[in-house]
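Engineer: give me a model of this one.
(chains A, B and C)
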Amino acid sequence: MPELPEVETVRRGLAPALEGARIVSAVVRRPDLRFPFPDELKDLLEGARITALTRRAKYLLIELDKGTTLIAHLGMSGSYRVHSLLDHTLRSSRDRASGPEPAWSERPLSDPTPLIPGQFHYERSTLGAHDHLVLEVEGGAIGPAEVIYNDPRRFGFVLAAPTATLYEHPFLAELGPEPLGNALTPEHLAGRFAGKRAPLKAALLDQKNVAGLGNIYVCEALSRAHLSPKRLAGTLVTKKGLPTQRLVTLTQVIRDVIGEAIEAGGSSLRDHKQTDGSLGYFQHSFSVYDREHAACPTPNCKGTVKRIVQSGRSTFYCPTCQR
DNA sequence: AAGTGAACCTGAAGGC
DNA sequence: TGCCTTCAGGTTCACT
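Structural biologist: Numbering: from 1, shown residues only, chains lettered A, B, ... in the order given. Take a look at the predicted model:
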């Protein structure tokens, strides 16, 4: 699922449950995802307080008060869901304000001890085969809750790194600038692209050049910039190593696309849901992604969106107006 | 050195 | 219905 806007949406969805919360229990339901889980992950998590929940590129960074930060990646199919364990009365009054009653279970836990004195504790959500990590937390903004990581394809992972040297971790050290940060400039990209013979599609997917773009948003950015995904990256740099006007435009549309997608809650393909079960809606704004044979959305362009394969992945673009 | 393709997994969708 | 193929929002590794 996840490119930068989707991961940022996940982060925002998890923050009310996790930030400032204490992890009451952790269940690790298999020994590994793409990589083995850290040794004693369960012991590391249980009793820890989450002091910050941030994001870098497509990585979620879960900072614990033990001097350790978890580096979590969603791979292609990872998702989190949050299941409130709040008292029935509290949930009812809150949910009445914003929609229909949710179908939570009212059966009490086998352990009748209330999580918080005076509150009733409801049954945990039913777990499926691909629910790999289950955290029970309390003390975040929404109170007691379960946070469950699901990942059918298991391309995602959770690693632990010392907080003090977090950004020296191999997965973070070489990342390019955040698309919405000040470090992403036409000059930066000119420096990265100069002399490069890789097609723009591949150059923008390379996380060392700019962080957080994936197949969707590269296609969308190139469409808006009217640049062919097959054009060589080096052609956007002058002989003196300066950005061309086209590269200035490309830099701006990357910001625009990513910013708009975050505001829309990301893109929901194949029924992917946010942490609260709702859907992002940026997919309705796609210009070209997954729109093969559709009319090109560029004003006055009579072209048709075409699908090609570049380095084994689908690229969607309009050959008429993207040059 | 840099650039391309295969590999890692499961599940959904489409063709026959 | 069922079987087969293809494809999927990512990343790393092994080859030219």
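Engineer: just give me the neighbour total for residue A:164.
Structural biologist: Neighbour count of residue A:164, defined by other CB atoms under 10 Å: 10. Every residue, glycine included, has its C-beta placed from N, CA and C.
Engineer: residue contacts, it?
Structural biologist: residue A:67 (CB atoms under 8 Å, 6 or more residues apart in numbering).
Engineer: roughly how far apart are it and residue A:126?
Structural biologist: Residue A:164 is 40 Å from residue A:126, where distance means CB to CB, to the nearest Å.
Engineer: residue A:163 too?
Structural biologist: 34 Å.
Engineer: just residue A:246 next, same as before
Structural biologist: Residue A:246 is 52 Å from residue A:126, by CB to CB.
Engineer: just want to know which of these two has more residues nearby.
Structural biologist: residue A:246 (16 against 8).
Engineer: please name the nearest non-neighbouring residue to the more buried one.
Structural biologist: residue A:236 (5.5 Å; CB to CB, 6 or more residues apart in numbering).
Engineer: confidence score at the one you found?
Structural biologist: Looking at residue A:236, its pLDDT stands at 97.
Engineer: quick one, what contacts it?
Structural biologist: Residue A:236 touches A:189-190, A:193, A:200, A:227, A:243-244, A:246-247, A:250, counting by CB under 8 Å, 6+ apart.
Engineer: by neighbours, which of the residues you listed wins?
Structural biologist: residue A:200 (28 neighbours).
Engineer: quick check: the gap between that residue and residue A:222.
Structural biologist: 6 Å.
Engineer: who touches both of these two?
Structural biologist: A:228-229.
Engineer: can you pull the pLDDT of residue A:15?
Structural biologist: 97.
Engineer: which of the three states applies to it?
Structural biologist: helix (DSSP: H, G, I helix; E, B strand; the rest coil).
Engineer: nearest residue to the residue of chain A found nearest DNA strand B other than its sequence neighbours?
Structural biologist: Across chain A, the shortest distance to DNA strand B (CB to the nearest atom of the strand) belongs to residue A:153, at 3.3 Å. Excluding the flanking residues, the one nearest residue A:153 by CB to CB, 6+ apart is residue A:77, at 4.3 Å.
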